[in-house]
Each structure stands twice: as C-alpha cells, then as structure tokens.
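Visitor: what's the 3D shape of this:
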Amino acid sequence: MSNEIADRLAAVRERMARAATRAGRRPEDVRLVGVTKRKTAADLVAAVGAGLGHVGENYVQEAHEKLSEARAALEGLGLKTPAIHFIGTLQRNKAGVAARLFDVVESVDRIALGDVLDRRAGAAGRRLEVLLQVNVSSEARKGGVAPEDLPALAAHARSWRHLAVTGLMTIPTAATDPEQQRPAFAKLRALRDSLRAEAGGQGLDHLSMGMSGDFEVAIEEGATIVRVGTAIFGSREAGPRQPASR
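Guide: As a prediction, the model looks like this:
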C-alpha cells in the first residue's frame with residue numbers, strides 16, 4: 001500500500017505541475033494537502049514518507065486519535081510531522097481541541113467561531129493560520145459565509161490576535177464535469193482579490209479550492225492550496241470509518 005500511495009502522490013504532483021504550467025504559474029506555488037479522512041495512521045505515514053508535507057482532516061476526534069499514532073510512527077522513522085489542516089465543519093465546543101491539534105483551520109465561517117478559536121489558541125500559546133470558508137454556491141446545507149457577508153467577517157477577523165487569516169476556502173456544488181466548477185473557483189478568486197484591494201487585506205494570499213476530481217481546473221483559476229484525498233489514498237470505503245465529530 002505504501003508504494004501505491006507514493007505512486008499516486010507522484011502522479012498527482014505531476015498533474016498539478018502541468019496545470020500550473022498551463023496557467024503560466026510556478027508549480028511550487030501550489031500547496032498540496034493530502035486528505036486522510038477515514039484513512040489509517042499507516043496511510044498518513046506512508047504519504048509523509050513519500051514527501052507529503054501537509055495533511056488534511058475533517059473530524060476532530062478522528063484526527064486526535066490518528067495523529068497520536070502517526071506522530072509516534074513518524075518519530076520512529078526520523079520523519080518530520082506534517083502541517084495538519086482542519087478542513088471540516090468545526091463546532092465551537094471543539095475549538096479548544098482544534099487549537100491544540102491543528103496548524104491550519106480552513107473552515108472559519110462565522111464571527112462567533114473565530115472569536116472562540118482565537119481565545120482557545122491564545123490559551124494554548126499558539127498562533128494558528130486560518131482561512132475563511134465561503135459558500136460560493138449559496139447551498140443552504142453547506143458551511144461557509146455567504147459572499148455578501150464575507151467583508152464583515154474579514155473586517156472583524158483583523159481583531160483576532162492569535163489567528164492569522166491568510167486567505168479563503170470553498171467547497172462548491174458537486175459536479176461530474178470539472179469544467180462546471182470553473183465559475184465557482186473564479187468567483188472565490190474575485191472575492192479574495194476584492195478583499196486584498198482594501199486596507200488590511202494584503203495578507204490574503206491563499207485560495208484553498210479544488211479536490212480530487214477538479215484540482216487541475218482550480219489551479220488554472222488560481223488555487224494556491226488543493227485538497228486531494230482519493231486520488232492519493234484511494235476510495236475512502238477502504239479505510240476505517242470513524243464517528244463524525246463535528
């Protein structure tokens with residue numbers, strides 16, 4: 001399995017490089033986050049051994065249990081622990097654990113959540129990188145701030161002392177054709193560019209968008225972070241199912 005993961009990881013990196021080149025961008029300017037939701041600690045360790053530097057998790061409890069095992073294995077192999085991104089829906093009562101466990105929280109979508117996470121990060125003596133999640137497709141059941149409410153959230157975010165807001169994230173409506181996602185990715189880029197043009201918005205460098213089925217289109221539209229799971233680790237049904245702590 002470790003060889004399969006290494007091969008898939010290399011193939012994803014090659015596809016990313018080609019997409020960046022098509023867009024006139026440098027491949028090294030796009031960060032790959034390998035999503036290990038419902039995969040094992042051994043899978044995570046195999047990917048890090050193959051060069052993966054950023055790992056994404058969706059559930060706080062699953063990540064807590066998995067990362068403890070993975071860190072011990074990585075230490076035994078003399079490998080550095082990757083940066084850990086939280087990319088799922090975060091409830092305020094999980095903010096304390098998240099502040100200690102993750103290096104990046106990509107799914108801050110409301111003032112109340114950011115305020116609690118800021119306090120918890122301060123109490124833990126940490127400064128976290130965060131992204132503001134935007135619901136560009138305006139789906140009622142999907143997380144993310146509405147585009148029209150984003151400026152107010154971004155303005156309030158400047159008061160957070162222990163959170164560094166570095167960009168925006170989105171999960172557009174699922175589609176079978178990657179090209180159908182292009183307008184959503186372009187919209188997120190336009191929202192980011194609009195915020196960057198305002199005072200205090202110059203640090204919004206990142207656009208986290210694109211997953212296994214559409215990351216090449218996302219890169220063409222300006223993604224600086226892509227979140228890729230099944231293209232690296234295979235079907236999630238093959239991995240352990242963890243309780244969804246949201």
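
Visitor: what count of nearby residues applies to the closest residue to Leu153 other than its chain neighbours?
Guide: Leaving aside its chain neighbours, Leu153 sits nearest to Val145 (5.2 Å; criterion: C-beta to C-beta, 6 or more residues apart in numbering). Every residue, glycine included, has its C-beta placed from N, CA and C. When counting by other C-beta atoms under 10 Å, one arrives at 20 neighbours for Val145.

Visitor: per-residue confidence for Val145?
Guide: For Val145, the pLDDT comes out at 97.

Visitor: surely it is in contact with Val134?
Guide: Yes. Taking contacts as C-beta atoms under 8 Å, Val145 lies within contact range of Val134: 5.7 Å.

Visitor: hmm, back to that, for the residue nearest to Leu153, give its distance to Leu131.
Guide: 11 Å (C-beta to C-beta, to the nearest Å).

Visitor: all helices for the protein, in order.
Guide: Listed in chain order, the helices of the chain (DSSP state H) span 2-22, 41-49, 60-76, 95-101, 111-123, 150-157, 182-196, 215-220, 230-233.

Visitor: just the C-alphas of the last one, formatted as CSV.
Guide: By that I understand helix 230-233. Taking Å, rounded to 0.1, in the frame of the first residue of the first chain, the C-alpha atoms of helix 230-233 are listed here in CSV:
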residue,chain,number,x,y,z
THR,A,230,-9.0,9.7,-3.1
ALA,A,231,-6.5,10.5,-5.9
ILE,A,232,-3.7,9.8,-3.4
PHE,A,233,-5.2,7.3,-0.9
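
Visitor: for it, give the mean pLDDT please.
Guide: When pLDDT is averaged along helix 230-233, the result is 98.

Visitor: quick one: list the elements packing against that helix.
Guide: helix 2-22, strand 31-35, helix 41-49 (3 or more C-beta pairs under 8 Å, 6 or more residues apart in numbering; DSSP states H and E).

Visitor: any chance of these in CSV, plus mean pLDDT and distance to Ser107?
Guide: Below are the helices and strands packed on helix 230-233 laid out as CSV (pLDDT from 0 to 100; distance: least, C-beta to C-beta, whole Å):
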stretch, mean pLDDT, distance to Ser107
helix 2-22, 97, 22
strand 31-35, 98, 13
helix 41-49, 97, 20
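
Visitor: give me the number of residues near Thr81?
Guide: The number of residues packed around Thr81, counting by other C-beta under 10 Å, is 15.

Visitor: any idea what Met169 is bridged to?
Guide: Per DSSP bridges, the residues bridged to Met169 are Gln133, Ser208.

Visitor: contacts only, for the spatially closest residue to Arg18 that is not a sequence neighbour.
Guide: Distances taken as C-beta to C-beta, 6+ apart place Glu216 nearest to Arg18, at 7.6 Å, with adjacent residues excluded. The neighbours of Glu216, taking C-beta atoms under 8 Å, 6 or more residues apart in numbering as the test, are Arg15, Met16, Arg18, Ala19, Pro178, Gly210.
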